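[1] Just need the structure, nothing else, for what follows:
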Amino acid sequence: MTGTIAPLPQGRPILVTGAAGFVAGHVLTALERTNLARPVVAVCRPRGKPAGPHDEAANCDIAEDGAVERLIDAYKPAGVIHLAAIAAPRAVNANRDHSWRVNFEATRRLAEALMQKAKGGRLVFAGSSEAYGESFNTHPLPINEVAPLQPRSAYGATKAAADSMLGQLAYDGLDVVRMRPFNHTGPGQSEAYVAPAFASQIAAIEAGNAEPVVKVGDLSAHRDFLDVRDVADAYVAALRSDSFQRGAAFNIASGTSRPMSDLLHTLLSHSVLDIAVERDPDRFHPSPVAEVSGDTQAISAALAWQPRISFEQMLVDVLDDWRGRAGCATTPSN
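    Modelled structure (predicted):
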């Protein structure tokens with residue numbers, strides 16, 4: 001796209017925004033495991049608590065005018081893994097103005113602050129496959145990075161706008177890589193997402209806190225799922241590598257599309273209890289996109305990245321996480 005990126009500047013820290021969040025806990029763990037030999041600063045909202053290991057914590061409300069500029073000026077980071085976002089669909093739709101301020105405007109200000117106050121600093125942007133939207137219906141699957149961004153959801157629109165804006169800033173000299181993760185789950189994710197929604201109900205049943213019925217919505221949509229720990233490894237690989245061009249975009253995906261019913265039945269297969277399934281009208285929201293899958297040839301070639309955690313192991317770990325939260329004394333699995 002532009003020029004080849006340069007190695008990270010020496011002696012400067014790495015910032016991880018959204019450090020109190022689900023994904024950040026795994027990214028911080030991956031950074032510690034990688035041993036970058038430089039400080040890692042976990043950036044949280046005021047009163048937030050970092051979800052993983054770090055050398056220093058910083059508070060920053062990225063939606064506040066001037067906040068990200070002060071943050072970048074204070075640390076002059078060698079790199080930023082930018083995870084902070086409003087992501088849950090209900091939360092985005094409940095306050096679209098705030099979602100645009102966080103997901104787009106704060107990202108723009110962060111990128112420009114890096115260029116002005118931390119020259120040579122790299123931005124690893126956590127975008128989303130939701131940015132492709134309608135392209136999943138009109139382009140061959142698995143979809144690759146040259147497919148147009150045609151978001152159908154409000155969240156996807158905020159991410160597509162930020163993605164495009166950062167691509168333009170790469171021509172202005174911003175050292176940026178645009179990551180487009182597909183559906184990912186793992187230990188620590190909230191019930192606002194499908195796999196934990198199923199797992200939390202099963203764990204509550206096993207703990208004796210609920211009737212033996214899992215309530216579900218539409219199970220027909222096909223999605224490309226992978227483990228959050230594989231996503232975290234991809235972000236860290238993008239931070240460390242210098243083998244791609246500024247502004248490069250990479251899908252983070254498994255390359256396999258599965259019906260939502262596969263998630264449910266795999267989770268149920270790891271419980272010894274007889275659990276019924278019941279459709280809940282309040283959860284039934286048919287998707288305008290029937291099938292999603294991502295081509296991973298670009299990220300494999302540039303970053304030597306491949307998913308390492310299997311679909312089944314991913315779901316077992318989600319279920320065991322929720323068993324722990326429900327206070328299950330044992331792990332009743334097959």
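[2] Start and end of stretch 238-255, how far apart?
    The straight-line separation of the ends of stretch 238-255 (Cα to Cα, to the nearest Å) is 19 Å.
[3] hang on, isn't Ala238 packed against Asp175?
    No. The pair Ala238 and Asp175 does not pass the contact test of Cβ atoms under 8 Å, sitting 11.0 Å apart. Every C-beta, even on glycine, is put in place using the N, C-alpha and C of the backbone.
[4] Can you show me the helices along the protein?
    Along the chain, the segments classed as helices by DSSP state H run 22-34, 67-75, 89-94, 96-100, 106-117, 135-138, 154-171, 194-206, 228-240, 260-269, 297-303, 311-326.
[5] tell me what the third one is packed against?
    This means helix 89-94. Using 3 or more Cβ pairs under 8 Å, 6 or more residues apart in numbering; DSSP states H and E as the contact test, the elements touching helix 89-94 are helix 154-171.
[6] Identify the residues contacting the residue lying closest to Leu110 once chain neighbours are set aside.
    Across the structure, with Cβ to Cβ, 6 or more residues apart in numbering as the measure, the residue nearest Leu110 apart from its sequence neighbours is Val68 (4.6 Å). Neighbour list for Val68: 60, 62, 106, 109-110, 113 [criterion: Cβ atoms under 8 Å, 6 or more residues apart in numbering].
[7] try 6 Å
    Counting by Cβ atoms under 6 Å, 6 or more residues apart in numbering, Val68 touches 62, 109-110, 113.
[8] So it versus Asp163, what's the distance?
    Separation of Val68 from Asp163 (Cβ to Cβ, to the nearest Å): 18 Å.
[9] worst average pLDDT in the helices of the chain?
    The weakest mean pLDDT among those belongs to helix 89-94, with a mean of 92.
[10] Look up the closest residue to Lys49, ignoring the ones flanking it.
    Of all residues beyond its chain neighbours, the one nearest Lys49 is Ala20 (5.7 Å), with distances taken as Cβ to Cβ, 6+ apart.
[11] what's near enough to touch Ile62?
    Residues touching Ile62, when contacts are defined by Cβ under 6 Å, 6+ apart, comprise 68, 84, 106.
[12] Can you tell me which of those is closest to Ser271?
    Distance ranking of the contacts of Ile62 against Ser271, using Cβ to Cβ, places Ala84 first at 35.5 Å.
[13] The closest one is in contact with Ala20, isn't it?
    No. Contact status for Ala84 versus Ala20: not in contact, 9.2 Å apart, counting by Cβ atoms under 6 Å.
[14] which of these two has more neighbours?
    Ala84 (27 against 20; other Cβ atoms under 10 Å).
[15] what's the more buried one in contact with, if anything?
    Listed by Cβ under 6 Å, 6+ apart, the contact partners of Ala84 are 17-18, 62.
[16] ok, Gly79 - how many residues close by?
    The local packing of Gly79 (other Cβ under 10 Å) involves 28 other residues.
[17] which residue packs closest to it, ignoring adjacent ones?
    Residue nearest to Gly79 in three dimensions, not counting chain neighbours: Arg122, with 4.3 Å by Cβ to Cβ, 6+ apart.
[18] same question, Asn103
    Excluding its sequence neighbours, the residue lying closest to Asn103 (Cβ to Cβ, 6+ apart) is Thr158, at 3.6 Å.
[19] before we move on, what about Leu71?
    Cys60 (4.8 Å).
[20] How many neighbouring residues does the nearest residue to Val177 once chain neighbours are set aside have?
    With sequence-adjacent residues excluded and distances taken as Cβ to Cβ, 6+ apart, Val177 is closest to Ala238, at 4.6 Å. When counting by other Cβ under 10 Å, one arrives at 27 neighbours for Ala238.
[21] Ala238 contacts Arg178, correct?
    No. Ala238 is beyond contact range of Arg178, at 9.3 Å (criterion: Cβ under 6 Å).
[22] Quick one, which of the helices of the chain gets closest to Glu291.
    Using Cβ to Cβ as the measure, helix 135-138 is the one of the helices of the chain that comes nearest Glu291, at 6.6 Å.
[23] quick one: contacts of that closest one?
    Helix 135-138 has contacts (Cβ under 6 Å, 6+ apart) with 147-148, 150, 289, 292.
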